[in-house]
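**Student:** here are the coordinates; sequence isn't available:
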């Protein structure tokens, strides 16, 4: 199942993440795709808020690679693979085990070169000014149970 949403601000983009988070359970994996500045981190801020984590704590983990945010109904593990190019470096992060107790959100997920069963793919594309098109692809085992708005 695929949902397509158009947002017109960073706040709206975060709102889509917040709505998605309401349906997630421990072990959920959210794979984020999009160019630099597309809004991946804004989306993750929304995920954090939807999980009960303070969104102001969320920053791009480009230099630390993995950030853990707690204090909500589930911990959020935020990963940024932008600076990694060697698949062995990515494997050494142990991403398969990181998110078992919470939600794993991976920016630059195209660098994690394997299929993740049950993962939700979020593709964010730039439009004019602050417009973003967000496509959320659910695997056949994951279906949305929340009232997210859709352009379709």
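**Tutor:** Arrived safely. Since this is a predicted model, take the numbers as computed values, not measurements.
**Student:** quick one: average pLDDT of the helix or strand where residue 135 lies?
**Tutor:** With secondary structure defined by DSSP states H and E, residue 135 is part of strand 132-137. For strand 132-137, mean pLDDT rounds to 97.
**Student:** So what touches it?
**Tutor:** 1-7, 13, 16, 20, 38-39, 43, 120-127, 144, 148 (CB atoms under 8 Å, 6 or more residues apart in numbering). C-beta: built from backbone N, CA, C; applies to glycine.
**Student:** Out of the residues you listed, which end up buried?
**Tutor:** 3, 5, 7, 13, 16, 20, 38-39, 43, 120-124, 144, 148 (16 or more other CB atoms under 10 Å).
**Student:** Among those residues, which pair sits farthest apart?
**Tutor:** 38 and 144 (21.4 Å; CB to CB).
**Student:** Would you mind naming the residues that bridge with residue 69?
**Tutor:** residue 76 (DSSP bridges).
**Student:** which ones are touching it?
**Tutor:** Applying CB under 8 Å, 6+ apart, the residues contacting residue 69 are 48, 53, 54, 57, 58, 75, 76, 77, 78.
**Student:** State the pair within these that is farthest apart.
**Tutor:** Every pair of the contacts of residue 69 checked by CB to CB; the farthest is 54 and 77, at 15.7 Å.
**Student:** ok, those two, which is more surrounded?
**Tutor:** residue 77 (22 against 12; other CB atoms under 10 Å).
**Student:** Quick check, the more buried one in contact with residue 107.
**Tutor:** No. If you go by CB atoms under 8 Å, residue 77 and residue 107 don't touch, sitting 11.7 Å apart.
**Student:** tell me which residues of the host helix or strand of residue 90 are tucked away?
**Tutor:** Secondary structure assignment for residue 90, by DSSP H and E: helix 87-92. Of all the residues in helix 87-92, those buried under the rule 16+ other CB under 10 Å are residue 90.
**Student:** cool, stretch 59-79 as well?
**Tutor:** Neighbour count says stretch 59-79 has 61, 65, 66, 67, 69, 72, 74, 75, 76, 77, 78, 79 buried, by 16+ other CB under 10 Å.
**Student:** Please report how far the last one lies from residue 95.
**Tutor:** In other words, residue 79. Residue 79 sits 7 Å away from residue 95, taking CB to CB, to the nearest Å as the criterion.
**Student:** swap in the fourth one?
**Tutor:** With the distance defined as CB to CB, residue 67 ends up 13 Å from residue 95.
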